[in-house]
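> coords please:
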Amino acid sequence: MTNLQLTSTITANNTLELAIRDIAMPEPGDTQVVIDMQACPINPSDLGVLFGLADMSTARQSGSADRPVITADVPAKFISALKARVGKSLPVGNEGAGTVIATGASAAAKSLMGKTVAVIGGGTYRRYLCADVRSCLEMPSGTTATAAASSFVNPLTALAMVETMRAEGHQALVHTAAASNLGQMLNRICIADGIDLVNIVRKPAQETLLRDMGAKYIVNSSVESFHADLTAALVATGATIAFDAIGGGKMASDILTCMEAAASRNMTEYSVYGSDTYKQVYIYGALDRGAITLNRSFGFAWGVNGFLLFNALGKLGAQTTHAMRQRIAAEINTTFASHYTHEVTLAEALHLDNMARYAKQATGEKFLIKPSRA
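Numbering: from 1, shown residues only. You can find the predicted model right below:
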């Protein structure tokens with residue numbers, strides 16, 4: 001049996017090298033299983049390891065059709081930030097799903113033999129993966145690997161947003177890039193749980209998509225009335241926490257400004273410090289890698305922080321996280337269903353035309369790698 005793995009390496013001469021390498025077949029330890037990996041999504045979080053801050057406009061393809069090699073230049077200004085990974089061949093892929101084909105001696109491992117499991121933990125873009133049972137999520141009988149492929153990153157992030165909202169005492173939330181796969185999941189969660197969600201999108205087609213699935217509050221950031229529309233939605237919902245996938249630019253500032261405008265409507269006395277309503281924006285994405293601009297027009301009761309999934313899960317605790325995982329497994333074909341527009345092999349994932357498409361991180365265009373497919 002041949003095992004293959006997609007790797008990303010930053011070389012000593014400031015070059016990114018992507019390749020598919022032969023690796024040994026894994027031998028499971030007592031609490032481990034070997035998974036025949038059949039489906040792995042390409043998430044935005046995977047691109048950081050895959051591309052390593054390289055200038056992908058310089059990407060060049062060599063090698064053969066079934067063993068392509070991609071090289072690209074890494075700008076000198078980024079080398080200091082990448083020095084810890086220079087010369088190291090890093091496996092790529094945060095999650096995926098497949099069938100358990102071998103197990104260790106423990107009862108927990110043996111119970112998964114022959115079953116479809118989702119797995120998280122890194123290095124999933126490979127043919128056969130050895131993983132601890134704690135990193136696996138058993139799927140209900142009949143669930144396909146394609147359906148289970150995105151069981152962790154987007155579902156856990158969406159649920160963590162809702163649980164963070166509850167834990168921090170907010171009653172409704174705001175989400176940007178809201179028509180994404182994650183955004184659609186978040187809408188289904190909020191509709192099911194009776195939570196008001198304000199969706200920020202950029203295109204009329206995205207408004208239609210969310211409205212057709214039952215979303216109530218949708219605002220378009222590309223229209224002139226955006227600030228007025230967002231403020232009206234915040235007044236209606238009382239949302240004081242937002243999760244921003246964009247990152248750079250003025251979006252965080254615009255949200256805080258509109259939250260302050262909504263909170264100030266009920267103020268009877270002027271205060272130089274603004275309202276005392278606390279407003280929180282968490283930035284969890286980097287669709288815009290530019291500077292974050294904050295125009296201070298929203299008082300003093302506010303915060304802008306990064307939102308990292310595993311840090312959030314740590315704060316929420318093991319019991320909440322376990323309940324989240326069980327809900328994902330039970331609702332993998334409904335609430336947490338993912339849709340893919342492109343399926344590629346490991347080799348095809350390193351074709352320049354495919355790379356150019358998934359690097360855009362475009363809403364409604366999601367790639368799925370099928371490692372077991374030749």
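
> what about the closest residue to Glu163 other than its chain neighbours, neighbour count?
Among residues not flanking Glu163 along the chain, Leu316 sits closest, at 5.3 Å (C-beta to C-beta, 6 or more residues apart in numbering). Any C-beta I mention is one placed from the backbone N, CA and C, and that applies to glycine too. The tally of other residues near Leu316 (other C-beta atoms under 10 Å) stands at 18.

> residue contacts, Leu316?
By C-beta atoms under 8 Å, 6 or more residues apart in numbering, the contact set of Leu316 is 160, 163-164, 167.

> try it again at 7 Å.
Each residue near Leu316 by C-beta atoms under 7 Å, 6 or more residues apart in numbering is listed here: 160, 163, 167.

> tell me the buried residues in the helix or strand harbouring the second one?
Assessed by DSSP states H and E, Glu163 sits inside helix 153-167. If you call a residue buried by 16 or more other C-beta atoms under 10 Å, then helix 153-167 has these buried ones: 153-165.

> dump these into TSV; add distance to Glu260 and pLDDT as well.
Converted to TSV, these look like this (distance: C-beta to C-beta, whole Å; pLDDT from 0 to 100):
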residue	distance to Glu260	pLDDT
Val153	32	95
Asn154	30	96
Pro155	32	97
Leu156	31	97
Thr157	27	97
Ala158	26	98
Leu159	28	98
Ala160	26	98
Met161	21	98
Val162	24	98
Glu163	25	98
Thr164	21	98
Met165	19	98
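
> ok, back up a step: okay, the helix holding Glu163 in CSV with CA atoms only?
Extracted C-alpha coordinates of helix 153-167, given in CSV (Å, rounded to 0.1, in the frame of the first residue of the first chain):
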residue,chain,number,x,y,z
VAL,A,153,-13.6,23.8,11.6
ASN,A,154,-16.7,25.5,10.3
PRO,A,155,-19.3,23.7,12.6
LEU,A,156,-17.2,24.2,15.8
THR,A,157,-16.5,27.8,14.9
ALA,A,158,-20.2,28.6,14.3
LEU,A,159,-21.2,26.9,17.5
ALA,A,160,-18.4,28.5,19.4
MET,A,161,-19.6,31.9,18.2
VAL,A,162,-23.1,31.2,19.6
GLU,A,163,-21.7,29.8,22.9
THR,A,164,-19.3,32.8,23.3
MET,A,165,-22.2,35.1,22.8
ARG,A,166,-24.1,33.4,25.6
ALA,A,167,-21.1,33.1,27.9
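
> all the helices of the protein, in order from the start?
With DSSP state H applied, the chain shows helices at 44-51, 76-82, 107-110, 145-148, 153-167, 181-193, 204-212, 226-237, 251-264, 309-316, 318-330, 352-358, listed in chain order.

> redo these as a markdown table? Include distance to Glu343.
Supplementary listing: the helices of the chain in a markdown table, determined by distance: least, C-beta to C-beta, whole Å:
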| stretch | distance to Glu343 |
| --- | --- |
| helix 44-51 | 16 |
| helix 76-82 | 31 |
| helix 107-110 | 30 |
| helix 145-148 | 8 |
| helix 153-167 | 18 |
| helix 181-193 | 15 |
| helix 204-212 | 22 |
| helix 226-237 | 36 |
| helix 251-264 | 32 |
| helix 309-316 | 25 |
| helix 318-330 | 22 |
| helix 352-358 | 11 |
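
> roughly how far apart are Glu27 and Ile189?
Counting by C-beta to C-beta, to the nearest Å, the separation of Glu27 from Ile189 is 39 Å.

> out of these two, which sits in the busier spot?
Between Glu27 and Ile189, counted using other C-beta under 10 Å, the more crowded position is Ile189 (20 against 10).

> which ones are touching that one?
Going by C-beta under 7 Å, 6+ apart, Ile189 touches 158-159, 162, 335.

> okay, those in JSON lines with distance to Ser222 next?
JSON lines is the format used below for the contacts of Ile189 (distance: C-beta to C-beta, whole Å):
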{"residue": "Ala158", "distance to Ser222": "24"}
{"residue": "Leu159", "distance to Ser222": "29"}
{"residue": "Val162", "distance to Ser222": "27"}
{"residue": "Thr335", "distance to Ser222": "29"}
